[in-house]
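Chemist: what follows is a protein structure lacking sequence information:
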């Protein structure tokens, strides 16, 4: 089945620093989704990407859909303490009826 | 708030007991999904409904698990004869049919003692 690998698994950064994380797949995805999950809560959709090469921003977050359609990147600029959480990439199955998630990148921000 | 809601948020039960969780999707969404998430992992798909029809079930959904969406609105997930391995966060999501973006509820955290 489809698998998504996220790296790094965790990051511990200083407030104000920029962050970059990525997600790779063994197979092609036609859509990439990025979610953030706070402890004890459900994932919250951050950015959706629909086209290879697409670059989309949401405030301080920017995500890119890789041109091979097998990877995606998420960047966070000028990190703040509330950016702490786990960031997941996800892609829909070919039938579009289920999401496959990566293992997540845990972000910790030191004030 | 018109987002996805789930109840209860937490459930502690003893092994062998039955538990039932409820999910209320975003009202205009006709698709509803259940996922399970264990500690340190991403969510894993269990099953989904389009309106009241259950259209797909994962191999993770053993015969002790049953999900319903009788009127095409809210859904319930029941686990019979719970086992310690059932301890996890159970997440519900909803979407429009054909849309690839899914919106998640806050989850129900289950602990089986």
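Modeler: That came through, no problem. The structure displayed is predicted, hence computed values, not measured ones.
Chemist: spell out which parts of chain B neighbour chain A.
Modeler: Residues of chain B lying near chain A by C-beta under 8 Å from any C-beta of the partner chain: B:4, B:6, B:31, B:33, B:35, B:40-45, B:48, B:55-56, B:58, B:91, B:93, B:98, B:100-107, B:109. C-betas here are computed from N, CA, C, even on glycine.
Chemist: among these, which lie within strands?
Modeler: Counting by DSSP state E, the residues of chain B next to chain A place B:6, B:31, B:33, B:35, B:44-45, B:48, B:55-56, B:91, B:93, B:103-104, B:109 in strands.
Chemist: pull out the buried members of those residues.
Modeler: Listed as buried from those are B:6, B:31, B:33, B:35, B:44-45, B:48, B:56, B:91, B:93, B:103-104, B:109; burial here means 16 or more other C-beta atoms under 10 Å in any protein chain shown.
Chemist: from the ones in strands among the residues of chain B next to chain A, which two are the most distant?
Modeler: B:55 and B:109 (26.7 Å; C-beta to C-beta).
Chemist: quick one on the thing from earlier: would you convert the buried ones among the ones in strands among the residues of chain B next to chain A into TSV that also reports pLDDT and distance to residue A:43?
Modeler: TSV is the format used below for these (pLDDT from 0 to 100; distance: C-beta to C-beta, whole Å):
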residue	pLDDT	distance to residue A:43
B:6	98	13
B:31	95	16
B:33	97	12
B:35	98	9
B:44	96	13
B:45	96	13
B:48	95	16
B:56	90	20
B:91	98	7
B:93	98	8
B:103	97	9
B:104	98	5
B:109	98	14
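Chemist: now residue A:36: how far from chain B?
Modeler: Using C-beta to the nearest C-beta, to the nearest Å, residue A:36 is found at 11 Å from chain B.
Chemist: surely that residue meets residue A:84?
Modeler: No - using C-beta atoms under 8 Å, residue A:36 is not in contact with residue A:84, being 9.6 Å away.
Chemist: looking at these two, which one has more neighbours?
Modeler: residue A:36 (21 against 15; other C-beta atoms under 10 Å in any protein chain shown).
Chemist: give the contact list for residue B:51.
Modeler: Going by C-beta atoms under 8 Å, 6 or more residues apart in numbering or on different chains, residue B:51 touches B:30, B:69, B:72.
Chemist: I should have written residue A:108 there, sorry.
Modeler: Shown in contact with residue A:108 (C-beta under 8 Å, 6+ apart): A:10-13, A:84.
Chemist: go with 10 Å
Modeler: For residue A:108, the contact set (C-beta atoms under 10 Å, 6 or more residues apart in numbering or on different chains) comprises A:10-13, A:79, A:81, A:83-85.
Chemist: could you do residue A:32 as well?
Modeler: Taking C-beta under 10 Å, 6+ apart as the test, what residue A:32 contacts is A:4, A:23, A:25, A:47-52, A:54, A:56, A:63-66, A:69, A:71-74, A:89-92, B:100.
Chemist: out of those residues, which end up buried?
Modeler: Counted by 16+ other C-beta under 10 Å, the contacts of residue A:32 give A:4, A:23, A:25, A:47-49, A:52, A:54, A:56, A:63-66, A:69, A:71-74, A:89-92, B:100 as buried.
Chemist: let's have the contacts of residue A:108 in JSON lines, adding distance to chain B and pLDDT.
Modeler: Compiled in JSON lines, these are given as follows (distance: C-beta to the nearest C-beta, whole Å; pLDDT from 0 to 100):
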{"residue": "A:10", "distance to chain B": "10", "pLDDT": "97"}
{"residue": "A:11", "distance to chain B": "15", "pLDDT": "96"}
{"residue": "A:12", "distance to chain B": "17", "pLDDT": "96"}
{"residue": "A:13", "distance to chain B": "20", "pLDDT": "95"}
{"residue": "A:79", "distance to chain B": "22", "pLDDT": "97"}
{"residue": "A:81", "distance to chain B": "21", "pLDDT": "95"}
{"residue": "A:83", "distance to chain B": "19", "pLDDT": "97"}
{"residue": "A:84", "distance to chain B": "16", "pLDDT": "97"}
{"residue": "A:85", "distance to chain B": "13", "pLDDT": "97"}
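Chemist: no more questions from me, cheers.
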